[in-house]
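Asker: sequence first, predicted model second:
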Amino acid sequence: AQSVTQLDSQVPVFEEAPVELRCNYSSSVSVYLFWYVQYPNQGLQLLLKYLSGSTLVESINGFEAEFNKSQTSFHLRKPSVHISDTAEYFCAVRGAGGSEKLVFGKGTKLTVNP
Amino acid sequence: EPEVTQTPSHQVTQMGQEVILRCVPISNHLYFYWYRQILGQKVEFLVSFYNNEISEKSEIFDDQFSVERPDGSNFTLKIRSTKLEDSAMYFCASSAGTANTEAFFGQGTRLTVV
């Protein structure tokens, strides 16, 4: 079984500041890791994913996340945020092989202020 | 870009009534899922469906719930006798099902049981 911990429920930042949203997971098997974003009144959209290969993965809008197996983490970072990045961010894990289900963290609400 | 579509976007129902939530997954996908998100809580897996049968379900998915793929395009979630605690956002998702693919989510149906 897998579990995901997102320690920060809310992260307020100013525009153009860097941000890190933390995600830790536990699993007895290898995992695939995902970050989903939920903009206000919208559904879940995939932001980025780690399946294999390079441990640093990037999204098209400047976010990146690094898979750290020893620390069982998959933190999400952006060097300079925009107002439009205001959303809720969910870290999710799926066990490699067998179950196709995603296990989500509780989410982190990122609020970018002018 | 192909997307998962869900109808209706909002549904209000009286306690004890049956509801059917509808989803049209992405056409060439093989795995279909339902998740739910109770207000303020994490996104929770309900059920996965593959090859016309349930492949996995959570403890939440009891006898009050059922899923069906009545034709080649729709995927439905039925709640037979709704309870107040069934009020939540219900997300449908689909994936190609191979190891290195992600799940694509619909916009969700907000179900309110009164």
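Answerer: The structure has been received and is ready for your questions.

Asker: my read is that B:M15 contacts B:S87, right?
Answerer: No - in this structure, B:M15 is not within contact of B:S87 by Cβ atoms under 8 Å, at 9.9 Å. Where you see a C-beta, it was placed from the backbone N, CA and C, and this is true even at glycine.

Asker: mutual contacts of the two, please.
Answerer: The contact sets of B:M15 and B:S87 overlap at B:V113 (Cβ atoms under 8 Å, 6 or more residues apart in numbering or on different chains).

Asker: now do the same contact list for the residue sitting nearest the centre point of chain A.
Answerer: In chain A, the centroid-proximal residue (Cα atoms, centre = their mean) is A:W35; its distance is 3.5 Å. A:W35 is in contact with A:23, A:46-49, A:59, A:63, A:65, A:74, A:76, A:89-92, counting by Cβ under 8 Å, 6+ apart.

Asker: ok, the helix or strand hosting B:T76: who's next to it in the sheet?
Answerer: Assessed by DSSP states H and E, B:T76 sits inside strand B:75-79. According to DSSP bridges, strand B:75-79 forms sheet pairs with strand B:19-24 (antiparallel), strand B:65-68 (antiparallel).

Asker: write out the residues of chain A neighbouring chain B.
Answerer: Chain A comes close to chain B at residues A:32, A:34, A:36, A:42-46, A:49, A:51-52, A:90, A:92, A:96-97, A:99-107, as judged by Cβ under 8 Å from any Cβ of the partner chain.

Asker: ok, of these, which come out buried?
Answerer: The neighbour-count test (16 or more other Cβ atoms under 10 Å in any protein chain shown) marks A:32, A:34, A:36, A:43-44, A:49, A:51, A:90, A:92, A:99-107 as buried among those.
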